[in-house]
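[1] predicted model and sequence follow; I will ask about them next.
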Amino acid sequence: MVKILFICHGNICRSPMAEFVFKNIVEKSGISDKFYVSSAATSYEEIGNPVHYGTARILDGLGISYSGKRAIHLEKSDYAKYDYLVCMDSANVRNTLRIVGDDAEKKIHKLLEFVGSYEDVADPWYTGNFDRTYKDVLTGCEGLLRYIEKREK
């Protein structure tokens, strides 16, 4: 089983969007049993809060359930639990490294790396543009799945 943890600052916008979009992709592909997927925050600001209404609007529009999701914090022990720690931006990478220590096993990535880009996933907290964020997330999640499928063969 491949274990993926999506990471952003507060775990209410981008990382839960990525979590549930990726779950939806693998479910529709009939391979959800091969994955364990979750998401977490590098900050404590939003811990316990539900998915942001902008992310909820996108997921609702796609018919993707996010029921019961509440923001949780990334823990040092998560490095050992997950195969991929997938961050939404460069600041998330830095903060993830502060929490988990070094990345000796090269598990920490930015989502858009999986489509050949080192750009950050647009942060809708600041831009207000959840549609753009969704496009980044969908593209990145599809690229991540292709990457994993190639590595697992």
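    Arrived safely, thanks for sending.
[2] next helix or strand past the worst-scoring helix or strand of the chain on mean pLDDT?
    When the helices and strands of the chain are scored by mean pLDDT, DSSP states H and E, helix 124-127 comes last with a mean of 92. Next helix or strand after helix 124-127 toward the C-terminus (DSSP states H and E): helix 130-152.
[3] mind listing what's buried in the least confident helix or strand of the chain?
    Using 16 or more other Cβ atoms under 10 Å as the test for burial, helix 124-127 gives 124-125. (C-beta placed from N, C-alpha, C; glycine too.)
[4] repeat that for stretch 44-56.
    Using 16+ other Cβ under 10 Å as the test for burial, stretch 44-56 gives 46, 50-52, 54-56.
[5] endpoints of it, how far apart?
    With Cα to Cα, to the nearest Å as the measure, stretch 44-56 spans 21 Å from end to end.
[6] that older thread, among the buried residues of stretch 44-56, which one lies nearest to Leu111?
    Ranked by distance to Leu111 (Cβ to Cβ), those are led by Thr55 at 14.8 Å.
[7] part of a helix, is the closest one?
    Yes. Using DSSP: H, G, I helix; E, B strand; the rest coil, the assignment for Thr55 is a helix.
[8] tell me, what's the model's pLDDT at Glu152?
    For Glu152, the model assigns a pLDDT of 76.
[9] and the strands in the protein, which stretches?
    Under the criterion DSSP state E, strands of the chain are mapped to 2-8, 35-41, 84-87, 108-110.
[10] and of these, who's closest to Ser67?
    Nearest to Ser67 among these is strand 35-41 (14.3 Å), distances taken as Cβ to Cβ.
[11] could you list the residues in contact with the least confident helix or strand of the chain?
    9-10, 13-14, 52, 54-55, 130, 132-133 (Cβ atoms under 8 Å, 6 or more residues apart in numbering).
[12] at 6 Å instead, please
    Contact with helix 124-127 is made by 13, 54, 130, 133, as judged by Cβ atoms under 6 Å, 6 or more residues apart in numbering.
[13] for Gly68, state which of these is nearest.
    Cys13 (17.2 Å).
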